[in-house]
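Participant: predicted model, plus sequence, below.
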Amino acid sequence: MEEKNSFVREVAEKKYEYGFTTDVQTEIIEKGLSEDVVRLISQKKGEPDWLLEFRLKAFHYWESQEQPEWGHLQMPDIDYQAISYYADPTKKAADDGKSKEIDPELMKTFDKLGIPLEERLALSGTAVDAVMDSVSVKTTFREKLKEKGIIFCSISEAVKEHPELVRQYLGSVVPYRDNYFAALNSAVFSDGSFVYIPKGVRCPMELSTYFRINARGTGQFERTLIVCDDDAYVSYLEGCTAPMRDENQLHAAIVEIVVMENAEVKYSTVQNWYPGDKDGKGGVLNLVTKRGHLRGANSRLSWTQVETGSAITWKYPSCILSGDGSQAEFYSVAVTNNYQQADTGTKMIHIGKNTKSTIISKGISAGKSQNSYRGLVKVSAKADGARNYSSCDSLLLGSECGAHTFPYMDVHNDTAVVEHEATTSKISEEQLMYCNQRGIPTEEAVSLIVNGYAKEVINKLPMEFAVEAQKLLGVSLEGTVG
Amino acid sequence: MDSEKQYIELYEQTREMLCQHSAEPLNILRGQAFEDFRRLGFPTQKVERYKYTDVSEAFAPNYGLNLSRLDIPVNPYEVFKCDVPNLSTSLYFMVNDQFYDKILPTAALPDGVFVGSLCEAAKKHPELINKYYGTLARTHKDAINALNTMLCQDGLFVYVPKGVVVERPVQVVNVLRSDVDLMVNRRVLVILEDGAIIKLLFCDHAIDDRDFLTTQVAEVYVGENAHLEMYDLEETHVKNHRFSNLYCDQQRYSTAVLDSITLHNGLTRNRADVTLSGEYAETTLNGLVIADKQQRVDNNTLIDHRVPHCQSNELYKYVLDDQTVCAFAGRVLVRKDAQQTISQETNANLVGSKEARIYTQPMLEIYADDVKCSHGSTVGQLGDQAMFYMRQRGIPYDEARMLLKFAFAADVLQTIQLDALRDRLHYLVDKRFRGELSKCEGCKMCK
């Protein structure tokens, strides 16, 4: 018993590995949100008028709306006027006239996070766009990708360099009126990545964006837009961390993906925002709208997510399957511990004929956390031959946590086959006993079983991420046994 | 929508008449229910539990009410002959919301067992009615409960004292009979004391081609070691709107089987909330819906596991055709201390036409860790292979389709423990699939 206690104590005191802050001169605008602030952000980024107009429309819509409350979440009050909507850590360098060079402090930060911004040091085969607070710090391997016609840059640069593409696709998958947080993001979005894969090109390396919130009292509102043209392929990774702060930081992002005929996009996320301390203080509020539109025939999109961080996660990476024969997949592992809360899942909206979607969701709850799966499978009247399979399992580790499943199925077609199954259980005594018997200590056994349980999803991740995800699972769950 | 307004005005104008033709325990709760109804209004479709049914629209038309309790000239024994062959039951009738007491079954019930009018019971057993009436179906959150409580004047009361076993199933036939469009507010109170056993069969029929709007609120108490089987069979017509709220509370070691079968209807919304408040209680909730034309059926269930070691099984099957719109939402709530809970929820739907729609939502909400809970839900069609197999053997297309549909529905029918009733339902379902509305030969509605 004593041994168990000491183990629990040790882990409880274990720090969030990425909780440090970077001491870098950051330009932060005044707190608060108003039309002037929206104009100021747009001006700072030197945006064209059409984008400012888009922002203002979104802002006015946001003003007219109220924050939704239907999630299975205990949401702290968010004071939207107490947040600064723009923080630029690269400001100093730019002022010095050395805009090409990155502040060494920033370099160090990303090195510490294991994201080397020097191309020669980088993991071979991954191009990175590093975003700190509101600004993209650096995008690696741009030249090399350019040779193939691939555009990979921050969205601010894309607005300047490829306005026609951005204008065509921005807001076409997630309109600003979509929901409260989408409207907020559309009004104040700062940086994020823009990816365009031209027709018939197979992207030779993994593209990756790394998001980091650093400055105090700010929120991050990034916007990612991925367009994959006919017959093209890309695999995209997203990672994120934030320092430990005792206040809740807001992260309201939008990810839009457009997939054309015969194209394929893989989008993987390892979400490791600061989850708050063991008493539930602080942590990131992760309120994200992610959606892919499978426009072309036989297009494919897969979302894979490993969610271990954030005090509150509220997001539903979704797919609109309009192309005939398009296929969508959603693989998710969501882990909650301590006082974390997650209400996550997906929406599969079948519009095209013979479309197919698969949902595999694994929830793991520990401590005093609440973990919900909420998903919608909708088959419209025209979607003949639509097929969906959903399976969501929940694992409970501890008697004070909760695991919930809220699937919605709306079927308007007589040729659709929709299946849903869900189970909720704890780790069986037999499995533990079996491991113990063979000399595996209980903590390790739990970790082993959990990893096995999540394997189906983790296997879908690219190699580097899979390793990280596995480690994260271990860390997030340590100390939950006993 | 202003659907509420006419009911608020109605109550304000007829309050005295309502009370005059009712009983004291029912009148006591009227005032509060009225306040609650006025505050709540009809739920909009933004309210999660009413997402799939437009309540306001159903309550908007102007229906007549029989507030002064005029006698309806009908002899149900003459108009109703759809009995269950080979099933010997104690047969009772409710005409609209009145208990029909002119002719009662001759076979006596065991001592102490009461089946009769709620108002009558209020005189004979005031202590029971006062203790139980309105305690499960609370009015502060649900507008249908509030409306029913504020307007209902009578209903059915079933009481089985401690340790009494009622061998013969009790059949209660609810007959809707009226010459004008009518609103009926029926109340049901069932009390099984410790160790009591009873089988109840409710059949809903409408014998006049009029618009009917029924609200029914049933409160069911199942004591320790008690065993209840309750079958609710609806066979009304397309002009019928039914809103039924069933609340069941189970004590230790009790078992309850609650079946709801909708064979023919207009718009039906059944809500069933089961609370497992004693350990080792077991509950089975089954449902079968056969819908075609423009029928609408919305089943909404909640099983609340409050204590450890309980078990719940839920099986709902839907067969949809034509332009029907159906919904199933089943929520299983396992509270923090309800360890060792076993819960299984299944919903399967057979969609047979282009325009039919099904919304299904099987939900698990679990706060205890040592549980085994699962749910499954499917939407699909008849299997091609099975069809092929039958056609190959010379079974005509329509016949093969029917056989397969029948096999699909049989799962639910299998769970019915009254053999004769099961056979009868097999027969009715079979007829239903053949497009004949379970026509027997005698009664008025079948002619």
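Facilitator: That came through, no problem.
Participant: following the helix or strand of chain A with the lowest mean pLDDT, which helix or strand shows up next?
Facilitator: Of all the helices and strands that make up chain A, the one with the lowest confidence by mean pLDDT, DSSP states H and E is helix A:2-12; it has a mean of 43. Proceeding C-terminally, helix A:2-12 gives way to strand A:27-28 as the next helix or strand, assigned by DSSP states H and E.
Participant: mind checking how far the residue of chain B most remote from its centre is from B:Glu399?
Facilitator: Computed with C-alpha atoms, centre = their mean, the residue of chain B farthest from its C-alpha average is B:Gln392, at 41.2 Å. B:Gln392 is 13 Å from B:Glu399, where distance means C-beta to C-beta, to the nearest Å. From N, CA and C alone the C-beta is placed, and that goes for glycine too.
Participant: partner strands of whichever strand or helix holds B:Thr283, with direction?
Facilitator: Under DSSP H and E, the secondary-structure element containing B:Thr283 is strand B:282-291. If you go by DSSP bridges, strand B:282-291 pairs up with strand B:255-264 (parallel), strand B:311-320 (parallel).
Participant: mind putting the ones you listed into CSV with distance to B:Gly223, mean neighbour count and mean pLDDT?
Facilitator: Putting these into CSV (distance: least, C-beta to C-beta, whole Å; neighbours: other C-beta atoms under 10 Å in any protein chain shown; pLDDT from 0 to 100) gives the following:
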stretch, distance to B:Gly223, mean neighbour count, mean pLDDT
strand B:255-264, 11, 22, 93
strand B:311-320, 18, 23, 94
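Participant: tell me, how many residues neighbour the closest residue to B:His21 other than its chain neighbours?
Facilitator: Excluding its sequence neighbours, the residue lying closest to B:His21 (C-beta to C-beta, 6 or more residues apart in numbering or on different chains) is B:Arg69, at 4.4 Å. Summarising burial for B:Arg69: neighbours were counted as other C-beta atoms under 10 Å in any protein chain shown, giving 16.
Participant: what score does B:Arg69 have for pLDDT?
Facilitator: B:Arg69 carries a pLDDT score of 79 in this model.
Participant: residues in contact with it?
Facilitator: Applying C-beta atoms under 8 Å, 6 or more residues apart in numbering or on different chains, we find B:Arg69 in contact with B:His21, B:Gln98, B:Gln153, B:Asp154.
Participant: host element of it?
Facilitator: Using DSSP H and E, B:Arg69 falls outside every helix and strand.
Participant: separation between it and B:Asn148?
Facilitator: Counting by C-beta to C-beta, the gap between B:Arg69 and B:Asn148 amounts to 17 Å.
Participant: kindly report the same for A:Ser380.
Facilitator: Going from A:Ser380 to B:Asn148 by C-beta to C-beta gives 37 Å.
Participant: now B:His205
Facilitator: Remark: distance between B:His205 and B:Asn148 (C-beta to C-beta) = 20 Å.
Participant: go on, B:Phe406?
Facilitator: For B:Phe406, the distance to B:Asn148 (C-beta to C-beta) stands at 36 Å.
Participant: chain B contacts on the stretch 251-400 of chain A?
Facilitator: Residues of the stretch 251-400 of chain A lying close to chain B (C-beta under 8 Å from any C-beta of the partner chain) are A:Val379, A:Ala381, A:Ser394, A:Leu396, A:Leu397, A:Gly398, A:Ser399, A:Glu400.
Participant: write the PyMOL selection for whichever of these are buried.
Facilitator: Remark: buried members of those, expressed as a PyMOL selection using 16 or more other C-beta atoms under 10 Å in any protein chain shown:
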select buried, chain A and resi 379+394+396+397+398
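Participant: which member of the residues of the stretch 251-400 of chain A next to chain B is positioned nearest chain B?
Facilitator: Sorting those by how near they are to chain B, with C-beta to the nearest C-beta, puts A:Leu396 at the top with 3.9 Å.
Participant: quick one: contacts for that closest one?
Facilitator: A:Ser365, A:Ala403, A:Thr424, A:Ser425, A:Lys426, B:Ile366, B:Ala368, B:Asp369, B:Val371.
Participant: swap the cut-off to 7 Å and go again
Facilitator: With contacts taken as C-beta atoms under 7 Å, 6 or more residues apart in numbering or on different chains, A:Leu396 has the following neighbours: A:Ser365, A:Ala403, A:Thr424, A:Lys426, B:Ile366, B:Asp369.
Participant: phi first, then psi, for the last one.
Facilitator: Okay, so that is B:Asp369. B:Asp369 has phi and psi values of phi -100, psi -30 when expressed as degrees, to the nearest 10.
Participant: B:Gln361 too?
Facilitator: The phi/psi pair for B:Gln361 (degrees, to the nearest 10) is phi -150, psi 80.
Participant: what sits closest to it if chain neighbours are left out?
Facilitator: Once flanking residues are discounted, B:Gln361 sits nearest to B:Ala329: 4.2 Å by C-beta to C-beta, 6+ apart.
Participant: check for me that the one you found belongs to a strand.
Facilitator: Yes - under the criterion used here (DSSP: H, G, I helix; E, B strand; the rest coil), B:Ala329 sits inside a strand.
Participant: okay, and the beta partners of it?
Facilitator: Here B:Ala329, judged by DSSP bridges, has bridge partners B:Asn300, B:Gln361.
Participant: which residues of the chain score low on pLDDT?
Facilitator: This is for chain A. Scanning chain A for pLDDT under 70 picks out the ranges A:1-17, A:91-102, A:113-126, A:134, A:137, A:478-482.
Participant: wait, chain B was what I had in mind.
Facilitator: Along chain B, the model assigns pLDDT under 70 to residues B:1, B:78-86, B:106, B:435-447.
Participant: and residue 326, what does it touch?
Facilitator: Let's take chain A. With contact set as C-beta under 7 Å, 6+ apart, A:Ser326 has these partners: A:Leu294, A:Ala297, A:Asn298, A:Ser299, A:Arg300, A:Gly352, A:Thr355.
Participant: that's the wrong chain, I meant chain B
Facilitator: For B:Cys326, the set of contacting residues under the criterion of C-beta under 7 Å, 6+ apart consists of B:Val289, B:Ala291, B:Arg296, B:Val297, B:Tyr318, B:Leu320, B:Ile358.
Participant: give me that answer again for 10 Å
Facilitator: The contact partners of B:Cys326, taken as C-beta atoms under 10 Å, 6 or more residues apart in numbering or on different chains, are B:52, B:262, B:268, B:289, B:291, B:295-299, B:318-320, B:349, B:351, B:356-360.
Participant: over to B:Ser377?
Facilitator: Residues in contact with B:Ser377 (C-beta under 10 Å, 6+ apart) are A:377, A:390, A:407, A:409, A:418-422, B:316, B:328, B:330, B:345-349, B:358, B:360-362.
Participant: ok, of those residues, which come out buried?
Facilitator: A:377, A:390, A:407, A:409, A:418-422, B:316, B:328, B:330, B:345-349, B:358, B:360-362.
Participant: ok so, going back, same list, the strands paired with strand B:282-291, but as JSON lines with distance to B:Met17 please.
Facilitator: Supplementary listing: the strands paired with strand B:282-291 in JSON lines, determined by distance: least, C-beta to C-beta, whole Å:
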{"stretch": "strand B:255-264", "distance to B:Met17": "33"}
{"stretch": "strand B:311-320", "distance to B:Met17": "40"}
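Participant: out of the ones you listed, which gets nearest to A:Leu285?
Facilitator: With C-beta to C-beta, the closest approach to A:Leu285 among the strands paired with strand B:282-291 belongs to strand B:311-320: 35.4 Å.
Participant: centre of the chain versus that closest one, how much separation?
Facilitator: 14 Å (C-alpha atoms, centre = their mean, to the nearest Å).
Participant: and for stretch B:331-349?
Facilitator: Here stretch B:331-349 shows a centroid-to-chain-centroid distance of 21 Å under the convention C-alpha atoms, centre = their mean.
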